[in-house]
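J.: Mind folding the following:
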Amino acid sequence: MEHTIDPRWQPALEHSTYLSNLLKCRPALIPELAASWQQALSEDILMAPLKQDFADDDAVRSTLRRLRHRAMAHMALRDLCGLASLSEIVESMTMLADVTTNFVLDYYHRQLVSTYGEPLDKAGQAQRMMIIGMGKLGGRELNVSSDVDYIFVYPEEGDTNGARSIENYDFFTRLGKRVISALGDLTADGQVFRVDMRLRPNGDSGPLVCSLDALENYFITQGREWERYAWIKSRVMNSGPNADGAALGEWMLALRRISRPFVFRKYLDFGAINAMRDLHAQIRREVARKDKVDHIKLGPGGIREIEFIAQVFQLIRGGRDAALQIRPTLSVLKLLAERKLIPPETESELREAYVFLRRVEHRLQYVEDKQTHMLPEADDTRASLARSMDFADWPALLEVLNQHREKVSRHFGEIFSDPEAGEHPLTGVWMGQLDEETSIETLGNLGFRQPKETISRLAELRISNRYLQLPTTNRSRLDAVGPA
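T.: Residues are numbered from 1 along each chain as shown. Got it, this is the predicted structure:
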């Protein structure tokens with residue numbers, strides 16, 4: 001039976017080779033999409049093909065991969081035909097990850113329980129593995145060809161209660177491997193998501209799963225500053241009929257009690273500031289590389305710089321201001337402006353740039369369903385990208401893109417001064433090395449409303465016992481960050 005394609009789909013089919021080929025290979029998708037494409041993707045649509053009894057693992061894998069094709073086609077049509085906002089697309093991708101992850105978690109948990117029994121805690125209560133989504137998955141900001149970053153944590157050590165009893169660690173390791181394989185293995189239908197486990201304690205050299213006690217011990221003894229940065233967006237993904245109940249809530253609270261103090265410190269954290277300065281310098285060095293010039297995520301003025309700006313404020317101030325302990329980048333930027341930590345115009349420019357860059361990112365990835373962030377080199381691909389972004393041609397798109405990237409790059413440099421760029425312009429004022437007239441002029445030019453009072457307070461700080469009695473290392477850290 002031949003299925004007629006809606007002529008309104010033409011912009012999407014012209015831009016996305018992946019979508020065009022998919023509908024040729026699976027024409028039965030056409031009527032399904034025709035019935036639903038004018039509404040946002042829903043959890044009901046995603047769950048429908050999973051509500052069946054599966055004959056074997058092959059059937060599970062095939063169904064999951066075909067579900068992803070269906071979801072990708074739905075999103076591509078809505079996005080490329082101008083019906084979907086960025087927020088809708090990233091939420092739809094995140095919902096796809098949540099639904100598929102929780103399905104395989106439940107499916108293989110039941111499968112292992114039938115062989116080994118339930119993994120019990122000390123009180124004899126059955127346990128569940130918590131899957132922690134990191135990065136854009138944790139922040140509900142997945143791009144349309146994203147991988148997923150997981151960390152696997154289980155509540156307590158112990159044993160299963162089956163006839164073939166094994167240790168909980170062994171049970172959850174087997175479960176984790178099956179989850180990764182079910183989503184990440186390449187089959188004739190492709191894969192659901194590339195799975196990245198490198199953010200777990202000790203990375204690739206560490207165990208695949210860890211208990212809450214082991215995680216807490218790791219944070220205390222080995223946790224590094226960049227891991228605090230990574231854990232800002234962490235989110236427990238567990239949901240669904242087999243994940244409900246008070247026990248899961250208690251385990252999630254226990255995880256929060258362990259991770260929050262590690263990520264967010266109650267005091268002004270000079271160690272974090274210095275570590276973030278180092279990371280800032282590392283990012284700056286990386287974007288200067290020639291091979292990153294056309295990379296809209298890692299290149300100059302790219303997506304990562306905007307995310308870094310938001311997360312640095314969270315890391316340094318989130319311990320004292322719990323409202324900053326949120327995940328989505330745009331929500332953080334909005335709150336920073338409301339808290340007067342960044343000017344409203346800075347928030348506006350960063351927000352507009354973020355939305356523009358993420359929309360370009362998605363259009364690059366729709367073409368062949370590949371995780372790419374590089375701007376195209378071929379003239380026809382450039383022209384197609386420009387049309388998909390509603391520009392007349394490539395030069396018109398590039399002009400606006402470069403304007404956004406220049407603004408991001410400027411804010412990135414201003415908000416966190418580069419430690420390699422020499423002395424901060426306010427160092428002389430901070431250290432009391434300038435005469436009063438020059439200090440007043442310097443502060444006045446930067447918008448300080450009471451420069452004379454500011455200078456007086458700095459002088460009081462420098463002669464105070466608390467300042468003078470600081471250990472030399474701590475005082476040098478304060479003097480390094482104080483001017484900024």
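
J.: Could you chop this protein up by domain?
T.: 1-84, 118-262, 270-422, 425-484 (automatic domain parsing).

J.: pLDDT (mean, whole number) over the longest one?
T.: Taken as a whole, domain 270-422 carries a mean pLDDT of 90.

J.: likewise the last one?
T.: Confidence over domain 425-484 (mean pLDDT, whole number) is 85.

J.: Same check on the second one?
T.: For domain 118-262, the mean pLDDT works out to 93.

J.: Switch the domains of the chain over to CSV; also include mean neighbour count and distance to Asp106.
T.: For every residue, glycine as well, the C-beta is placed using N, CA and C. Formatted as CSV, the domains of the chain follow (neighbours: other Cβ atoms under 10 Å; distance: least, Cβ to Cβ, whole Å):
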stretch, mean neighbour count, distance to Asp106
domain 1-84, 16, 10
domain 118-262, 18, 5
domain 270-422, 17, 24
domain 425-484, 13, 48
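
J.: Nearest to Leu112, out of these?
T.: Nearest of those to Leu112, taken as Cβ to Cβ: domain 118-262 at 5.8 Å.

J.: contacting residues for Ile309?
T.: 333, 342, 350, 411-412, 415-416 (Cβ atoms under 8 Å, 6 or more residues apart in numbering).

J.: Out of the domains of the chain, which gets nearest to Asn102?
T.: Among those, the nearest to Asn102 by Cβ to Cβ is domain 118-262 (4.7 Å).

J.: Would you pull up how far that closest one lies from the middle of the chain?
T.: The chain centre lies 16 Å from the centre of domain 118-262; the measure is Cα atoms, centre = their mean, to the nearest Å.

J.: That one spans what distance, first to last residue?
T.: 31 Å (Cα to Cα, to the nearest Å).

J.: Between the two ends of stretch 9-28, what distance do you get?
T.: End to end - Cα to Cα - stretch 9-28 spans 16 Å.

J.: Then stretch 191-209?
T.: End-to-end distance (Cα to Cα), stretch 191-209: 23 Å.

J.: before we move on, the earlier item: now render the domains of the chain as CSV, adding distance to Asn102.
T.: Below are those laid out as CSV (distance: least, Cβ to Cβ, whole Å):
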stretch, distance to Asn102
domain 1-84, 10
domain 118-262, 5
domain 270-422, 18
domain 425-484, 43
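
J.: closest to Asp98 out of those domains?
T.: domain 118-262 (5.7 Å).

J.: Arg351 and His404, how far apart?
T.: 11 Å (Cβ to Cβ, to the nearest Å).

J.: go on, Arg66?
T.: 37 Å.

J.: can you check Asp170 too?
T.: Using Cβ to Cβ, we find Asp170 at a distance of 50 Å from His404.

J.: you'd agree Leu96 is up against Arg70?
T.: No. Look at Leu96 against Arg70 with Cβ atoms under 8 Å: they stay out of range, at 9.6 Å.

J.: list the contacts for Ile342?
T.: Applying Cβ under 8 Å, 6+ apart to Ile342 gives the contacts 309, 313, 333, 336, 350, 415.

J.: and what of Thr63?
T.: Thr63 touches 49-50, 52, 54, counting by Cβ under 8 Å, 6+ apart.

J.: give me the element it is part of.
T.: Per DSSP states H and E: Thr63 is located in helix 57-80.

J.: in the biggest helix by length in the chain, what's buried?
T.: Longest helix in the chain by number of residues, with DSSP state H as the criterion: helix 86-116. Neighbour-count burial for helix 86-116 flags 86, 89-109, 112-113, 116 (criterion: 16 or more other Cβ atoms under 10 Å).

J.: element containing Phe152, please.
T.: Going by DSSP H and E, Phe152 is in strand 148-154.

J.: Tell me which other helices or strands the next helix or strand along the chain from that strand touches.
T.: Tracing the chain past strand 148-154, the next element assigned as helix or strand by DSSP H and E is helix 168-184. Applying 3 or more Cβ pairs under 8 Å, 6 or more residues apart in numbering; DSSP states H and E, one finds that helix 168-184 makes contact with helix 57-80, helix 86-116, strand 148-154, strand 195-196, strand 209-211.

J.: Specify the stretch among those that is closest to Ser42.
T.: Per Cβ to Cβ, nearest to Ser42 of those: helix 86-116, 8.3 Å.

J.: how much does the closest one deviate in direction from strand 148-154?
T.: Counting by axes from the mean of the first three to the mean of the last three Cα atoms, to 10 degrees, helix 86-116 points 40 degrees away from the direction of strand 148-154.

J.: what residues does the helix or strand following helix 86-116 touch?
T.: Downstream of helix 86-116, the next assigned helix or strand under DSSP H and E is strand 130-134. By Cβ under 8 Å, 6+ apart, the list of residues contacting strand 130-134 from outside reads 97-98, 101, 105, 138, 148-155, 179, 199, 230-231, 233-238, 248, 251-252, 255.

J.: Give me the nearest residue to His373, chain neighbours excluded.
T.: Nearest residue to His373 in three dimensions, chain neighbours excluded: Lys297, at 4.1 Å (Cβ to Cβ, 6 or more residues apart in numbering).

J.: Test my guess that Val144 contacts Ile89.
T.: Yes. Counting by Cβ under 8 Å, Val144 touches Ile89, with 6.5 Å between them.

J.: Give me the common contacts of the two.
T.: 75, 79, 362.

J.: quick one on the thing from earlier: chain center to the helix holding Thr63: distance?
T.: On the basis of Cα atoms, centre = their mean, helix 57-80 sits 22 Å off its chain's mean C-alpha point.

J.: quick one: it to helix 168-184, angle?
T.: 50 degrees.

J.: Excluding chain neighbours, what is closest to Leu341?
T.: Leaving aside its sequence neighbours, Leu341 sits nearest to Phe313 (Cβ to Cβ, 6+ apart; 5.8 Å).

J.: now that neighbour, what's its secondary structure?
T.: At Phe313 the chain is in helix, as set by DSSP: H, G, I helix; E, B strand; the rest coil.

J.: Now do the contacts for it.
T.: Contacts of Phe313 by Cβ under 8 Å, 6+ apart are 324, 332, 336, 341-342.

J.: The same query, at a cut-off of 10 Å, please.
T.: Listed by Cβ atoms under 10 Å, 6 or more residues apart in numbering, the contact set of Phe313 reads 276, 321, 324, 332-333, 335-336, 339, 341-342, 415-416.

J.: do Phe172 as well
T.: Shown in contact with Phe172 (Cβ under 10 Å, 6+ apart): 109, 112, 119, 127-130, 152-155, 207-211.

J.: Can you give me the distance of it to Glu118?
T.: In this structure, Phe172 and Glu118 are 12 Å apart, going by Cβ to Cβ.
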